[in-house]
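Peer 1: just need the structure, nothing else, for what follows:
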Amino acid sequence: MARFDQAFKDEVRARNDIVEVISAYVKLERRGNRYVGLCPFHSEKTPSFHVVPDGQFYYCFGCKASGDVFTFLMEREHLTFYEALVQLAQRARIPLPQEERTPEEERAYRERRDMYAALDLAARFYHHQLFTPAGKPGLDYLLGRGLTEETIRRFRLGWAPGRGALFRALRDRFPPQILQKAGLIVPRRDGPGFMDVFFERVMFPIADLSGRVIGFGGRILGGEGAKYKNTAETPLFVKRHVLFGLDQAKEAMRARNQAILVEGYMDVLMPHQAGIQNVVAPLGTALTDEQVRIIRQQAQQVIVAFDMDTAGQLATLRGLQKLYDSGCDVRVLQLPDGKDPDEFIRTHGAPAFVERIEQALPLIEFRLSLALPATRRPTPEEMAKAVESVAQVLADVRNEVVREAYVDQVADRLAGDNPLAKPDLKLAIDRQMNRLLRRGFQHNLPDSRNNRRGPGAPASPGPTRPRPDQAPVTQAEGARRAERVLLYLLLEHPGLLRTVEAELGEEPFSDPHHRQIYRAGRALLAEADPLAGGGVIARLFDRLSDPEARQVLTEMAVTPMLTSDPEKEAADCIEKIRKHRDSRRLEDLENQIKAAAAASRRVDPAIWNEYMALVRKLKSTRS
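Peer 2: Numbers count the residues shown, from 1 in each chain. Next up, the predicted model:
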């Protein structure tokens, strides 16, 4: 049986708008005929990720990630093409044709499908158990914490009963290796067989951005064991990529351009129940680079409601600094008496919590408050330590104007009743801060031997690369650029094809990537309906197997060229390409003539004639 044919792929692509699909992962803003956002494949502060709905493709000017709706899902969710195709077909409610898969595709597809199904069924099982006599301790606990039944059902909270209850419920539906790989069961230690990972715990399903259950958190109510326990890492559940509640909070985060970051499951649930729905929690207070990138893609302002008096304060501050460095407006929410958001809302109500949010301190101010001495009259030793601590905080402020304003405020605060000391304090802070900045600059100098990056790699700090027009352009580079423009013109104006082939032959391009795109485009143009299924770029993308050629294609498409006279532009490009060809051919003929002279051989008259003709031709074009 045939593989999925091109018509089916085109239908799936056409019925899955790329802007809608990517908007589930990235906050996009419309700019003219395209949408722009922060790249989901590398860390950045300024949006360089472009989505072009007309062509149904995306391109990042930062890390060069590019592709169509299939590629995006494959890269973002780590799927095979087949899995991405099936997922998008199901999203658009397109029936799947019956077709063969390779054994590897079949195994991978079935395994991921069964793991998702097992996790979803486990969530249903736990949720059902919560409302049975066996789950009464869990339900009493949740209701006692102030949650309503509506919230419990909305977040699919549950109860894990005895040690083997889930395994017995699922073993007829899924093989043990699937349940184990999904993080639901483990081999028994006291004999053969398996036991549940979670038992006698209140269960919190953890979902991905699309709302699919990928793991669980469980809270024990008594007995031995850790108070909270999460699913171990699996192919679907990677803790450093996860934020609890993100699937429920993403719309509110984007609408308000604000995320509220809390520590625990209940700290997410109670605000949501109170109508504050832009709240998420990492599974641990040490924010990872991946979590920072996810948050920044959804919102620019981040209100952090962590307990800053915990032993992990330093790790927490490092995570918040990552958010600040990513371009977020980070503010710290301080609640009285060490209360967490859950307890504060139950005690004082949602309006009081909202009021506290509006009073949250900017991260730098909060860090300075920790660095400054508690007393109004610090000792000389306390003053020296404060100057050092303050300098370390302010060295992290990238904006020079903001940094100097903070220096002035801090010196004023430290001077206290002695305003004459302020200039000396400012000087001391500046000196210490400049030492740290110089040390940081040396530490962050880029390694020119290893400065390449791709999807998923962080941007390297360092000087801005010179613009192409600042460097001298060789004839070869000029010809390559002319090829790029000519190829773009051909894609936009297929009627130029006859002129190009008449002037440059059937192989007009020397760059291998341009040649691949041209050949695929020429074949596409020979079809009856070349623009079917989402446009020439998307169709061409399918036909290119070389990732670099695909990147060239999307880079061309996302950088449109304005021209009022495509025929004249094409003629100029053809002339540059022809000149370069003639120069290379002249060089080749010169080498043949020199080789013949060195070997005391007679030069073929045809070579001489061609050589002289090219010399005259090139001379005439220069004059």
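
Peer 1: quick one, helices of the stretch 51-200 of the chain?
Peer 2: 69-77, 81-91, 103-130, 136-144, 149-154, 165-170, 176-181 (DSSP state H, counting those that start in this stretch).

Peer 1: likewise for the stretch 301-450 of the chain?
Peer 2: 313-325, 341-348, 350-358, 363-371, 380-394, 400-415, 422-443.

Peer 1: residues contacting the longest one, please?
Peer 2: Counting by CB atoms under 8 Å, 6 or more residues apart in numbering, helix 422-443 makes contact with 387-388, 390-392, 394-395, 403, 407-408, 410-412, 414-415, all of which sit outside it. Bear in mind the C-beta positions are built from the backbone N, C-alpha and C, glycine included.

Peer 1: nearest to residue 487, of the helices of the stretch 51-200 of the chain?
Peer 2: For these, proximity to residue 487 was assessed by CB to CB; helix 69-77 is nearest, at 20.7 Å.

Peer 1: could you give the angle of that closest one to helix 81-91?
Peer 2: Counting by axes from the mean of the first three to the mean of the last three CA atoms, to 10 degrees, helix 69-77 points 110 degrees away from the direction of helix 81-91.

Peer 1: which residues touch helix 69-77?
Peer 2: Here helix 69-77 makes contact (CB under 8 Å, 6+ apart) with 9, 13, 16, 18, 21-22, 25, 40-41, 56, 58, 65, 67, 79-81, 83-85, 87-88, 455, 541, 550.

Peer 1: what average pLDDT does that helix get?
Peer 2: For helix 69-77, mean pLDDT rounds to 90.

Peer 1: got it, and stretch 108-115?
Peer 2: Averaging pLDDT along stretch 108-115 gives 88.

Peer 1: okay, now the unreliable bits of the stretch 451-600 of the chain?
Peer 2: Across the stretch 451-600 of the chain, the ranges flagged by pLDDT under 70 are 451-473, 526-538, 560-564.

Peer 1: what segments of it are strands?
Peer 2: Here the stretch 451-600 of the chain has no strands by DSSP state E, counting those that start in this stretch.

Peer 1: name whatever forms a beta bridge with residue 194.
Peer 2: residue 187 (DSSP bridges).

Peer 1: now do stretch 32-50: everything it contacts.
Peer 2: With contacts defined as CB under 8 Å, 6+ apart, stretch 32-50 is touched by 19, 22, 25-29, 51-54, 58-63, 65, 75-76, 289, 292-293, 296-297, 326-327, 453-459, 558.

Peer 1: now list the buried members of those residues.
Peer 2: Those of the contacts of stretch 32-50 that meet the buried threshold are 19, 22, 25-28, 51-53, 58-63, 65, 75-76, 292-293, 296-297, 326-327, 455-456, 558, by 16 or more other CB atoms under 10 Å.

Peer 1: ok, now how distant is the residue nearest to residue 371 when sequence neighbours are not counted from residue 187?
Peer 2: Nearest non-adjacent residue to residue 371, counting by CB to CB, 6 or more residues apart in numbering: residue 389, 3.6 Å away. Separation of residue 389 from residue 187 (CB to CB, to the nearest Å): 51 Å.

Peer 1: for these two, indicate the residue with more neighbours.
Peer 2: Using other CB atoms under 10 Å as the criterion, residue 389 and residue 187 rank with residue 389 on top: 17 against 11.

Peer 1: what's near enough to touch that one?
Peer 2: Here residue 389 is in contact with 370-372 (criterion: CB under 8 Å, 6+ apart).

Peer 1: name the residues of the longest helix along the chain that are buried.
Peer 2: Determined from DSSP state H, the single longest helix within the chain is helix 566-598. Across helix 566-598, burial judged by 16+ other CB under 10 Å covers 566, 569-570, 573-574, 576-580, 582, 586, 589.

Peer 1: cool, and stretch 230-239?
Peer 2: Using 16+ other CB under 10 Å as the test for burial, stretch 230-239 gives 230-231, 234, 236-237, 239.

Peer 1: what's around residue 294, how many residues?
Peer 2: Residue 294 has 22 neighbouring residues, counting by other CB under 10 Å.

Peer 1: show me what the closest residue to it other than its chain neighbours is bridged to.
Peer 2: Once flanking residues are discounted, residue 294 sits nearest to residue 243: 6.2 Å by CB to CB, 6+ apart. Note on residue 243: beta-bridge partners residue 282, judged by DSSP bridges.

Peer 1: check contacts around residue 243.
Peer 2: 280-282, 291, 294-295.

Peer 1: what does residue 253 give?
Peer 2: Applying CB under 8 Å, 6+ apart to residue 253 gives the contacts 259, 278, 280, 298-299.

Peer 1: now residue 573
Peer 2: Taking CB under 8 Å, 6+ apart as the test, what residue 573 contacts is 482-483, 485-486, 489.

Peer 1: closest to residue 595 among those?
Peer 2: residue 483 (30.0 Å).

Peer 1: residue contacts, that closest one?
Peer 2: Per CB under 8 Å, 6+ apart, neighbours of residue 483: 508-511, 514, 573, 577.

Peer 1: rewinding a little: report the buried members of the contacts of helix 69-77.
Peer 2: For the contacts of helix 69-77, buried by 16+ other CB under 10 Å: 9, 13, 16, 18, 21-22, 25, 40-41, 56, 58, 65, 67, 79, 83-85, 87-88, 455, 541, 550.

Peer 1: circling back: what's the closest of the contacts of residue 483 to residue 141?
Peer 2: residue 514 (65.2 Å).

Peer 1: residue contacts, that closest one?
Peer 2: Going by CB under 8 Å, 6+ apart, residue 514 touches 483-484, 487, 552.

Peer 1: distance to residue 45 for the residues you listed - can I get that in CSV?
Peer 2: Output for the contacts of residue 514, formatted as CSV (distance: CB to CB, whole Å):
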residue, distance to residue 45
483, 34
484, 29
487, 33
552, 27
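
Peer 1: roughly how far apart are residue 234 and residue 215?
Peer 2: The gap separating residue 234 from residue 215 is 7 Å, by CB to CB.

Peer 1: is it possible to export the buried residues of helix 566-598 to JSON lines including distance to residue 122?
Peer 2: Formatted as JSON lines, the buried residues of helix 566-598 follow (distance: CB to CB, whole Å):
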{"residue": "566", "distance to residue 122": "59"}
{"residue": "569", "distance to residue 122": "61"}
{"residue": "570", "distance to residue 122": "61"}
{"residue": "573", "distance to residue 122": "61"}
{"residue": "574", "distance to residue 122": "64"}
{"residue": "576", "distance to residue 122": "64"}
{"residue": "577", "distance to residue 122": "62"}
{"residue": "578", "distance to residue 122": "67"}
{"residue": "579", "distance to residue 122": "68"}
{"residue": "580", "distance to residue 122": "64"}
{"residue": "582", "distance to residue 122": "70"}
{"residue": "586", "distance to residue 122": "73"}
{"residue": "589", "distance to residue 122": "75"}
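
Peer 1: great, nothing more from me.
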